[in-house]
Every structure is written in structure tokens, then in C-alpha cells.
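# I'd like to go over a predicted model; first the sequence, then the structure.
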Amino acid sequence: MNWTDLKTRADARQTLASLFAQNPNRAEEFSARHGDMLFDYSKTHIGEDDRALLIQMASDAGLEDRRAAMFGGQKINETEDRAVLHTALRNLSDDAILVDGKDVMPSVRDTRDRMAAFSEAVRTGALQGQGGAITDVVNIGIGGSDLGPAMAVLALAPYHDGPRVHFVSNVDGADVADTLRGLDPATTLVIVASKTFTTIETMTNARTAQAWMAKDVKDTGAQFAALSTAEEKTAEFGIPSAHVFGFEDWVGGRYSLWGPIGLSLMIAIGADDFTDFLRGAYDMDCHFRDAPLADNLPVLLALVGVWNNQGCGHATRAVLPYDQRLTRLPAYFQQLEMESNGKSVAMDGTSLEVNSGPVVWGEPGTNGQHAFYQLIHQGTRVIPCEFMVARAGHEADLGHQHELLVANCLAQSEALMVGRSLKEATDIMAQRGLSGDELDRQARHRVFPGDRPSTTLVYPKLTPFVLGQIIALYEHRVFVEGVMLGINSYDQWGVELGKELANALTPVLRGEASDAEKDSSTRLLLDYLRS
Ligand SMILES: O=P(O)(O)OC[C@H]1O[C@](O)(CO)[C@@H](O)[C@@H]1O
């Protein structure tokens with residue numbers, strides 16, 4: 001890969017002001033549309049030749065072949081010898097997808113139909129709890145078995161017409177206790193969401209919920225469901241097979257929202273809206289698969305990411321949705337991007353020549369503006385920002401609030417780019433009556449360096465279809481960045497060591513095992529915690 005050329009180009013980048021001055025069509029030429037979605041990346045430092053180099057680099061990395069291999073069910077997750085087929089879960093065509101020569105689609109469709117029947121039964125009251133119709137659903141899962149449905153249920157709140165849906169993830173007993181308090185065990189459905197059905201947090205919380213329900217409900221299994229690839233383990237837990245929704249190991253945890261892990265979302269919004277959500281993702285899949293690289297939204301998003309991170313050396317990326325219902329989206333993207341591309345070893349076992357994926361973080365606007373934007377505007381480090389905003393909100397009677405939201409979103413990217421010079425700040429402070437040294441001192445605090453990069457994604461309205469598009473857009477962006485880095489985006493060995501050590505420390509905390517082998521810092525902490 002041509003990382004040296006990329007860095008040389010990035011080091012020689014021009015300012016945003018000069019890029020716009022040189023090219024009056026920059027906004028048009030450095031933005032792309034797909035359907036009703038607009039992606040503007042003109043406020044980045046990428047010039048025409050830089051873009052050409054980035055596209056060439058993606059192509060040289062074998063992007064087109066890797067993409068075909070992923071969609072075609074080949075085992076691109078090489079460290080786990082698995083296919084990567086979350087796209088199969090939203091494949092709404094009649095096309096077969098073969099893994100090891102077998103079409104996976106009949107089973108995907110069958111599970112989807114079973115999910116729809118189950119969620120309709122819960123929503124209509126055909127499936128009752130011991131105390132009557134189900135009023136509350138509690139999804140117990142963590143990581144990809146929590147973040148996706150939790151994010152999407154909040155995002156699609158205007159479409160809720162089913163029972164209330166709650167999420168428990170943390171092994172901290174506070175989470176399950178606070179969630180179950182006030183719920184009626186006789187009208188609650190508990191969904192245990194775990195791909196492996198071994199995750200300690202989820203299984204511990206599931207057993208706590210089972211004990212809570214058992215005090216009031218004779219047949220707890222009737223009010224439990226399981227979402228897992230490990231169907232024999234769900235049976236051991238006492239969940240009837242009719243309430244078990246299985247999937248295959250070719251669905252990664254952080255990519256699993258589209259199948260059984262989305263059951264809580266389907267119960268909240270209904271099977272038809274859930275299908276619209278899949279339709280949006282499928283639409284983005286087709287765009288990603290078919291559009292030329294230069295017009296391809298996931299590819300462009302990835303190229304901006306690579307330019308900012310591996311090119312310019314910006315280590316973090318802020319995701320800033322101006323959409324309150326996307327409050328959980330930054331956390332969802334954190335797992336999607338950091339668990340996928342937070343790796344320092346390439347597929348062939350060699351060390352990466354460049355930095356791995358960035359630190360992803362964020363909060364919705366306008367809240368973030370009153371919290372951390374100070375650093376984004378005037379801190380010493382540059383934080384590339386990804387703004388997102390809907391053309392229309394759901395609250396038709398509050399259109400004036402949506403205008404304010406949009407104005408703030410656009411104002412931030414403008415302020416980041418344009419900044420405020422010392423001369424401008426001085427003029428402003430002079431008009432306010434300051435002069436001499438005091439004017440000089442005060443003006444310097446009011447300077448905004450500007451020239452800070454951002455992108456803006458505009459979508460028509462946060463519907464199930466559009467949410468599906470947005471998530472698939474980012475999934476494919478992660479894929480493209482991973483291909484360019486030459487890493488496997490679909491394993492997560494980096495989470496294992498901490499899990500192993502936690503398992504070993506539990507008996508030490510209970511006083512059932514010695515801490516003699518532990519380092520002195522860990523021993524100090526153990527002494528304090530046990531005392
Ligand atoms: O669905 P499971 O198997 O409980 O795993 C939960 C999460 O744990 C992880 O394996 C990381 O520990 C994630 O990749 C996954 O989403």
C-alpha cells in the first residue's frame with residue numbers, strides 16, 4: 001500500500017479556504033448522493049489528486065474482490081474461518097447465497113417469518129404472560145447483543161406501538177435491579193440475547209431475571225425467549241425451542257441487529273416497519289456493491305476516514321448526530337468501528353505499517369455543543385467531525401425547533417472551517433471598548449483557528465428505512481477501511497485477555513484462591529477491596 005505517498009500528500013495539504021477558493025464547484029464535486037441522502041465531504045482537506053490516490057489505494061488493496069467475496073459468502077474472516085454475511089439477513093432478493101455450497105437464504109427467511117409471527121403474537125396479546133398480555137419486554141445482552149437493538153429502539157421511537165422495551169447489559173447488579181424494579185413479572189417477557197450464550201454478564205443477568213420471575217410465575221420458560229447461535233445451551237437454560245431464534249456463526253455480534261438480535265426492535269415497531277428497516281440496509285448494500293468507487297457513499301466515508309487518520313494523523317473521530325433519537329448511535333459506532341478495526345496485526349500476521357482505526361466517540365448535538373465542542377474548536381488537537389442531520393423531524397408541530405437544530409448543525413461545520421482570526425477577534429473586542437494590552441490579551445482568547453475538517457450526512461427523515469441505510473453505510477465503511485488496512489475486521493481477540501483474567505480474579509476476590517502470582521498494583525487493589 002502506498003502509505004508513504006498518502007502521508008506525503010497529507011503533509012502537503014492545502015487549507016480548506018484555499019481548496020474552496022481554487023474550485024468554485026468544490027461543494028458539488030466533493031459531495032455524493034444516494035437516493036435522498038447527501039454526503040458532503042467538501043470540508044475536508046482532500047483535493048482531487050488526493051482523492052484519486054485514495055481510490056487507487058482502495059482498489060490496489062483488492063476492495064472490489066474482497067467486497068464480492070463478502071457478499072458471496074466466502075470465508076473472509078480468516079482467523080475464525082467464517083463467512084461474513086450480515087448482508088444475508090437483509091437480502092430481500094430471491095438470490096441464493098452459498099456458504100460451503102449450501103444456500104443460507106431458506107433458513108434466514110424461515111427465522112425471519114418465525115420472528116414476525118412471535119412478535120405479532122406478543123404485540124396482539126395472542127402470546128400472554130401468566131398475568132395477561134405482555135406489557136414489558138426486557139432484552140438482556142451486551143455488546144452487539146445490546147447496543148444495536150438499544151440504539152435502534154430509541155431511534156425509531158415514533159414507530160413504537162408495541163409493549164415497552166427495556167435493555168439490561170452491565171454485570172453490575174444495579175442495571176438489572178433498576179430495570180426490573182417496577183415491572184410485573186407476570187406480564188414481562190425476557191429476551192436473552194447472546195450469540196454464544198456463554199457471555200458471563202448476560203448469563204448472570206439472565207439467571208437473576210429468571211429468579212425474579214420465578215417468585216411470581218410458575219412456568220418462567222413460557223415468558224423467556226433466546227436469541228443465539230448455541231441452541232443446545234438455550235435448551236439447558238429452560239427456554240422452549242419455539243421461543244428460540246437461532247442464527248449462524250457468519251453473523252458477527254456487532255453486525256447482528258438485522259436478524260434475531262433485532263427481535264426486541266421488531267416487537268416494538270412491528271414486522272412491517274422492521275422489514276422497512278431491512279429494506280433500507282439492503283438498498284445500501286446494493287449501492288455499495290454496484291456504485292463506482294468514486295460515487296460510493298461507504299467508500300467515500302472510508303476514504304475520508306483513512307485520509308484523516310492514517311494520512312493526517314488525527315487519532316479520533318467525533319460522531320455528532322443532530323438527532324436526539326440517535327443518542328446511542330455513537331456508542332453503537334464505537335463497537336462497530338473500534339472492535340472491528342482496532343487491530344495492529346494484518347491478516348497475514350505482520351504488524352501494521354500505519355495506525356489502526358481511530359477512537360470513535362460523540363454525543364448528539366446540540367447537547368455536545370454545551371459540553372465538549374470547546375476542545376473541538378480551540379483545543380490543540382484536530383478532531384475530524386462527522387455531522388448528521390435530518391431534513392425533517394417527526395414533530396411537524398415543532399418545525400421551528402427543527403430549524404434551530406439544523407442551523408446549529410450547519411453553523412458548527414462552518415465555524416470549524418472558517419474560524420475567527422486574531423484581526424476579527426480584535427475588531428470585535430475593540431468595538432466592545434477594550435484597548436491596549438487588555439484588548440490584545442482578550443482578543444487572543446477569542447481566536448478560532450478554523451481549517452478543521454468535518455463531513456455532513458443529510459437524510460430526509462429518521463424512518464426505519466433511513467436508519468437501515470445509515471447503519472449499513474457505516475458497516476460498509478468499516479469494511480472498506482479494514483480492507484485498506486489489510487486487517488480482519490471480523491474477529492475480536494482483543495477482548496479475550498481481560499475476560500480470562502476476570503474469571504481468574506473472581507475466586508481471588510472471594511478468598512478462594514491466592515493472589516501471590518499477581519503484580520503488586522493488583523494486589524494492593526485486591527487488599528483494599530477485600531478489606
Ligand atoms: O452475543 P454474545 O456472544 O453474548 O457476545 C456479546 C459481545 O461480546 C463480544 O464478543 C466481546 O466480548 C462482542 O463481540 C459481542 O457483541
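Now that the structure is in, tell me what you want to look at.
# Show me the strands in the stretch 101-250 of the chain, by range?
For the stretch 101-250 of the chain, strands defined by DSSP state E, counting those that start in this stretch occupy the ranges 102-103, 128-129, 132-133, 136-140, 164-168, 188-193, 224-228, 244-246.
# CSV please, covering these and showing mean neighbour count and mean pLDDT.
(C-beta placed from N, C-alpha, C; glycine too.) Shown next, in CSV, are the strands of the stretch 101-250 of the chain (neighbours: other C-beta atoms under 10 Å; pLDDT from 0 to 100):
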stretch, mean neighbour count, mean pLDDT
strand 102-103, 13, 98
strand 128-129, 18, 96
strand 132-133, 12, 98
strand 136-140, 25, 98
strand 164-168, 21, 98
strand 188-193, 27, 98
strand 224-228, 28, 97
strand 244-246, 21, 97
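# Please identify which of those strands is closest to the ligand.
strand 188-193 (6.6 Å; C-beta to the nearest ligand atom).
# Next one: the residue of the stretch 301-450 of the chain found nearest the ligand relative to residue 355, how far apart?
Distances between the stretch 301-450 of the chain and the ligand by C-beta to the nearest ligand atom are smallest at residue 339, namely 5.8 Å. Using C-beta to C-beta, to the nearest Å, residue 339 is found at 16 Å from residue 355.
# Equivalent analysis for residue 464, please.
The value you get for residue 464 to residue 355, if C-beta to C-beta is used, is 36 Å.
# So which of the two has more stuff around it?
In this view residue 464 and residue 355 are compared by other C-beta atoms under 10 Å, and residue 464 has more residues nearby, 25 against 13.
# ok, the closest residue to the ligand within the stretch 201-350 of the chain - how many residues close by?
Closest contact between the stretch 201-350 of the chain and the ligand, by C-beta to the nearest ligand atom, is at residue 253 (2.6 Å). Look at residue 253: counted by other C-beta under 10 Å, it has 24 neighbours.
# how about the residues of the protein near the ligand?
Contact residues, the chain versus the ligand (C-beta under 6 Å from any ligand atom): 142-145, 194-196, 199, 202, 253-254, 339, 492, 495.
# out of these, which is most surrounded?
Of all these, residue 145 has the most neighbours under the rule other C-beta under 10 Å, reaching 30 neighbours.
# so what's it closest to, chain neighbours aside?
Distances taken as C-beta to C-beta, 6 or more residues apart in numbering place residue 193 nearest to residue 145, at 4.0 Å, with adjacent residues excluded.
# Tell me what that neighbour is bridged to.
Per DSSP bridges, the residues bridged to residue 193 are residue 227.
# That one contacts residue 202, doesn't it?
Yes. Assessed by C-beta atoms under 8 Å, residue 193 is found in contact with residue 202 at 7.2 Å.
# give me the low-pLDDT residue ranges for the stretch 51-200 of the chain?
Scanning the stretch 51-200 of the chain for pLDDT under 70 picks out no residues.
# so for the strand or helix carrying residue 425, what's the average pLDDT?
Using DSSP states H and E, residue 425 sits in helix 422-431. If you average the pLDDT over helix 422-431, you get 97.
# where does the residue of the chain most remote from its centre land on pLDDT?
The C-alpha centroid of the chain is most remote from residue 436, which lies 50.9 Å away (C-alpha atoms, centre = their mean). On pLDDT, residue 436 comes in at 97.
# thinking again about what came up before, my read is that the residue of the stretch 201-350 of the chain closest to the ligand contacts residue 146, right?
No. The criterion here is C-beta under 8 Å, and residue 253 misses it with residue 146 at 9.6 Å.
# Counting neighbours, what do you get for the nearest residue to residue 494 once chain neighbours are set aside?
Counting by C-beta to C-beta, 6+ apart, residue 342 is the residue found nearest to residue 494 once chain neighbours are left out, at 6.5 Å. When neighbours are counted by other C-beta under 10 Å, residue 342 registers 17.
# tell me the contacts of residue 342?
356-357, 494 (C-beta atoms under 8 Å, 6 or more residues apart in numbering).
# for those residues, which one is nearest residue 96?
residue 357 (32.9 Å; C-beta to C-beta).
# For that closest one, which three-state class applies?
coil (DSSP: H, G, I helix; E, B strand; the rest coil).
# ok, it to residue 256 distance?
Taking C-beta to C-beta, one finds residue 357 at 20 Å from residue 256.
# try residue 84
12 Å.
# so how many other residues sit close to residue 358?
Around residue 358 there are 23 other residues, counting by other C-beta under 10 Å.
# Let me fix that, I meant to ask about residue 421.
14.
# same thing with residue 486?
As a burial measure, residue 486 scores 18 neighbours (other C-beta under 10 Å).
# Name the surrounding residues that touch stretch 26-46.
By C-beta under 8 Å, 6+ apart, stretch 26-46 touches 10, 13-16, 19-20, 23, 48, 51, 54, 283-284, 287, 291, 295-297, 300-301, 303-304, 307-308, 312, 384, 413, 416-417, 453-460, 466, 469.
# Quick check: PyMOL command selecting the buried ones in these.
In PyMOL, this line selects whichever of those come out buried by 16 or more other C-beta atoms under 10 Å:
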select buried, resi 10+13+16+19+20+51+54+283+284+287+291+296+297+300+301+303+304+307+308+312+384+413+416+417+453+454+455+456+457+458+459+466+469
